[in-house]
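>>> What follows is a predicted protein model with its sequence.
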Amino acid sequence: MTHEFKTPISTISLALDAIFHPSNKANQNELEKLGGIIRKENERMHRQVERLLQAARFDKGDFSLDLEPIKLHDLLHELGDLISSAKDGKDIPYIHYELNAKQHTIMADQLHLFNACRNLLDNAIKFSTAKARIELHSYNEGEDLLIEIKDQGVGMSKNTMSHIFDSFYRYTEGDLHQTKGFGLGLAYVKDVIEKLGGELGVKSKLNECSTFFLRFKTISNG
């Protein structure tokens, strides 16, 4: 965990040194570039702190769920737009929506559900190439809502799949030898989904795509 904080702190320090060095004669473009690096690394630290706090609260049971009707299609579109705008639409895979469920309203906690889905999409993007396509599918099975998040990434072995929902487990297969993060994301996601009465599963094969499945009970006003 200390490594995950030291890296952005070091990057910010180097950028600030460059800005305030006596010999620096950076033009406006260079200053904006350095400022962008500082902003990006600061946001990275903020996300890491939030994930760590969320996992700690859930592990201790020190939390409360504020349940309300959530239209999951709207939440997924909002999340996709947020990710695209945060990165200016650059260097991220294309998000393709195929949301065919007629009933997609569930009782959930807006904040925790949004964070859980954000974690899943962040992972799908992290393990995919820049020009890949992330697919979001939805459909109904009886009164259940099923969501699929499919990437075009490096895939996982059976051994990895048996551990990815464990706290502090970090993916190290394929071409990604320097996996970032605490390994708390998917443990938190699984905890959130189950505490909301849902189910979370995954299907994958090494060197092929991975698909995460979410299942929730719908309510009638969706």
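Cool, got the structure.
>>> How about the most centrally placed residue in the chain: what's its closest non-neighbour residue?
Residue closest to the average C-alpha location in the chain (Cα atoms, centre = their mean): residue 119, at 2.2 Å. Once flanking residues are discounted, residue 119 sits nearest to residue 185: 4.4 Å by Cβ to Cβ, 6 or more residues apart in numbering. Just so you know, the C-beta spots here come from the backbone N, C-alpha and C atoms, and that holds for glycine as well.
>>> Go ahead and confirm the one you found touches residue 121.
No. Judged on Cβ atoms under 8 Å, residue 185 makes no contact with residue 121 at a distance of 10.9 Å.
>>> which residues in this protein form helices?
Assigned by DSSP state H, the helices in the chain fall at 2-20, 28-60, 72-86, 110-126, 158-161, 185-195.
>>> and the fourth one, how far from the chain's centre?
Here the centre of helix 110-126 is set off from its chain's centre by 4 Å, with Cα atoms, centre = their mean, to the nearest Å.
>>> For it, buried residues please.
The neighbour-count check on helix 110-126 (16 or more other Cβ atoms under 10 Å) flags 112-126 as buried.
>>> List the contacts of residue 80.
95, 97, 121, 136 (Cβ atoms under 8 Å, 6 or more residues apart in numbering).
>>> and the spatially closest residue to the last one that is not a sequence neighbour, how many residues sit next to it?
Which is residue 136. Of all residues not flanking residue 136 in the chain, residue 97 sits nearest, at 5.2 Å (Cβ to Cβ, 6+ apart). The local packing of residue 97 (other Cβ atoms under 10 Å) involves 14 other residues.
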